[in-house]
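1. Here is my input, please return the structure:
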Amino acid sequence: MKINWIFTGMIWLLNCNFGSAQTERILLDGYFQDWEQTGTAFSDTKNDGKFGFDYNQLKIFNDDNYLYINFDLGLEINLQETNDVVFYLDADDNPATGYVFDGIGAEIIFRFGERKGTFYRNTNTYNVKHSDIGLVTLPSVSSDRFELCIRKNASVSGFQLFSGNSMRMILQQDVPNGDKFPDGTGGITYTWQQNQLEPLPVYSIKRATDTDFRIMTQNVLTDDLFSKTSYFNRLINAIQPDIIAFQEIYDHTAAQTRELIQQFTGGTWYAQKQGTDIILVSRYPILESHFISGNGAFLVQTNEGKILVVNAHLPCCDNDSGRQDEVDAIMAFIRDAKNGNSSLLLDPNSPIIITGDMNFVGKSRQLRTYLEGDIQNEFSYGPDFHPDWDNTALKDAVLYTTASPMAVTWSSSGSSYFPGRLDYIIYTDAVLNRLNGFALQTANLPQDSLNAYLVLANDSNNASDHFAVVSDFKFGPETAVSVPSITTSLNARLSPTVFNEQMKIILSSRLPGKININIFNINGQAVCSKEAEIQASEDQQLNLDTHGWPSGMYVVQIRQHHEMISLKAVKGE
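-> As a prediction, the model looks like this:
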């Protein structure tokens, strides 16, 4: 099939093979549904581990930038604390190089429980941190299953890590007679794959159409909002939130914070503070606020109705009991407010959002308490309950880092802890529909997006070790996971919508650059997928030769940067 681009003085000819399909990509988010049908699988003998460890299955996948590994352990652990999991990576598939172990030559030996590794090159050894190889592991909380990624172009002390078409690896429980994956010698062999992958998650820095309010959470790292004003000014003006949940504002008042945000953006803002560092700033009036065990609950009057926003900054690091206690207290407050047993006047079906820096780096139970209302200390905080208005669980808004295949909200190259998902937006999806969301990492954005939103590539990293986490909401029940059809620069239409031997797409964009076209049949199968460059100009016409296509309905998805338009077309008999 030929694709003809027609605009002033130029014609683009592209080949597109009918029937080409895209491979589902792996998204690193601590949830594992995407691994069910994707990745190369390897199995291990069951019930051959020690102390509860029992490696069972391991899967491997890669895209152009990362190697992904998914494995289960048979035992819930914290991958970054006090465990015996050791990873041996023969990055060049050469047993004669690296550290000789069990039939492979490992360039990297990484001990997850110590959060460090060793790189072997000839007769030299080098210390390895997560940042040296782009290591990310999720979930950040305890689990019996993990997924991780390593940067494909990683180098250690100037030496390229991956240098061939294949690699070998071993996972070991590093105790006497501990479980090893695989059981035999020689490790697991994986060959780099070249797949045509689905696009990265869709988001828009500009708010989604029909948004009722945009909420943002930001840990500002010990009052740095007031000392790093240029970075935060650009970030907040790019995001343009209606409600901001700040954490770590210790030495400034709500009034000072409100005045600074008004200097950044103009307009009228409201602000209240609870505890030592929790401040909520809002374009809407804050009717009341309440202290909850170090955190704050704020009742906000939006144009569409009242919402309850819980802004939380839970205890850090190994303080699991303190985190669980505060989560219990927050959920007890919400239960009582819903039941009319609190001084807070919460109308039935009022949306509830829990957001902030949760420091979820310990036991997974804390997140389960949030989502399911499963209170651990019922003696102090009362009984369990169903937290959403339809007596179901709350929804975890898994928000991906901009232009990235992972849901990371915190990263510090100087820390031994791996980048992780610490900042959350959790909400009542029975009465709120999430339209759009992201964690803003400006270092990932293409230059035209930086220019369009007047931010600099290093703004996110210079502002804080936490990224701004953002979500657009509309009042009403969420019937499905929303993937927005958002247009800030790109416009497209079909002319006509019913076609025979040629489909015509009329496009315009104020930004030049790469454009992706994906066409699916009524069964969801990809029939065409291609890239091209588009100029910033008036209408440009794209002609697709559809000779030989079966009659029926087709969906045309057009993406430029982080914008997507979906169009329906019908081929006649």
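2. what about the chain, any weak spots by pLDDT?
-> In the predicted model of the chain, residues 1-21, 479-489, 510-512, 522-526, 535-538, 560-564, 573 satisfy pLDDT under 70.
3. tell me, which strand in it spans the most residues?
-> Counting by DSSP state E, the longest strand found in the chain is strand 66-77.
4. So what touches that strand?
-> Strand 66-77 is contacted by residues 26, 28, 32, 35, 39, 49, 51-62, 83, 85, 134, 142-152, 162, 167, 169, 171, 181, 364, 405 when judged by CB atoms under 8 Å, 6 or more residues apart in numbering. Just so you know, the C-beta spots here come from the backbone N, C-alpha and C atoms, and that holds for glycine as well.
5. So which of these sit within helices?
-> Within the contacts of strand 66-77, no residue falls in helices by DSSP state H.
6. Stretch 316-329: how far from the chain's middle?
-> Here stretch 316-329 is found 24 Å from its chain centre; the criterion is CA atoms, centre = their mean, to the nearest Å.
7. in that stretch, what counts as buried?
-> Going by neighbour count (16 or more other CB atoms under 10 Å), the buried part of stretch 316-329 is 320, 322-329.
8. Ok, stretch 507-522 next?
-> Applying 16+ other CB under 10 Å to stretch 507-522 flags 507-509, 511, 513, 515, 517-521 as buried.
9. what kind of secondary structure is I261 in?
-> Here I261 is helix, with the state taken from DSSP: H, G, I helix; E, B strand; the rest coil.
10. Tell me if I'm right that it and L235 touch.
-> No - I261 is beyond contact range of L235, at 11.8 Å (criterion: CB atoms under 8 Å).
11. Give me the buried entries from the contacts of strand 66-77.
-> 26, 28, 32, 35, 39, 49, 53-56, 58-62, 83, 85, 134, 142-143, 145-151, 162, 167, 169, 171, 181, 364, 405.
12. Of those residues, which belong to strands?
-> Reading strands off the buried ones among the contacts of strand 66-77 with DSSP E, I get 58-62, 85, 143, 145-151, 167, 169, 171, 181.
13. Would you mind pulling the contact partners of the top helix by length along the chain?
-> Secondary structure assigned by DSSP H gives helix 320-339 as the longest helix of the chain. Under the contact criterion CB under 8 Å, 6+ apart, helix 320-339 has outside partners 290, 292-295, 297, 308, 310, 312, 314-315, 342, 344, 346, 352, 354, 358-360, 362-363, 365-366, 369-370, 373, 375-377, 380-382, 385, 387, 389.
14. Now the element after it, going C-ward?
-> Next along the chain after helix 320-339, taking DSSP states H and E as the criterion, comes strand 352-357.
15. Partner strands of that next one, with direction?
-> strand 306-313 (parallel), strand 423-427 (antiparallel) (DSSP bridges).
16. Tabulate these in CSV, adding columns for mean neighbour count and distance to D465.
-> Shown next, in CSV, are the strands paired with strand 352-357 (neighbours: other CB atoms under 10 Å; distance: least, CB to CB, whole Å):
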stretch, mean neighbour count, distance to D465
strand 306-313, 24, 14
strand 423-427, 24, 11
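17. right, so of these, which gets closest to Q240?
-> strand 423-427 (16.8 Å; CB to CB).
18. mind saving the C-alpha coords of the closest one as PDB?
-> Extracted in PDB, the C-alpha atoms of strand 423-427 (Å, rounded to 0.1, in the frame of the first residue of the first chain):
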ATOM      1  CA  ASP A 423       3.500   9.600  44.800                       C
ATOM      2  CA  TYR A 424      -0.100   8.600  44.300                       C
ATOM      3  CA  ILE A 425      -3.500   9.800  43.300                       C
ATOM      4  CA  ILE A 426      -6.200   7.500  44.600                       C
ATOM      5  CA  TYR A 427      -9.900   8.300  44.000                       C
END
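19. and the helix or strand that it is followed by, what other elements does it pack with?
-> Later in the chain than strand 423-427, the nearest helix or strand by DSSP H and E is strand 432-440. Here strand 432-440 is seen to pack against helix 229-239, strand 423-427, strand 468-475 when contacts are counted using 3 or more CB pairs under 8 Å, 6 or more residues apart in numbering; DSSP states H and E.
20. any idea of the angle the shortest one forms with strand 468-475?
-> I take that to be strand 423-427. Counting by axes from the mean of the first three to the mean of the last three CA atoms, to 10 degrees, strand 423-427 lies at 10 degrees to strand 468-475.
21. Out of the contacts of helix 320-339, which end up buried?
-> Buried, going by 16+ other CB under 10 Å: 290, 292-295, 297, 308, 310, 312, 314-315, 342, 344, 346, 352, 354, 358-360, 362-363, 365-366, 369-370, 373, 375-376, 381, 385, 387, 389, out of the contacts of helix 320-339.
22. if you skip the residues just before and after it, what's nearest to G30?
-> Nearest in space to G30, with sequence neighbours left out and distances taken as CB to CB, 6 or more residues apart in numbering, is P139 at 3.2 Å.
23. Can you report how many residues neighbour the one you found?
-> Using other CB atoms under 10 Å, P139 has 23 neighbouring residues.
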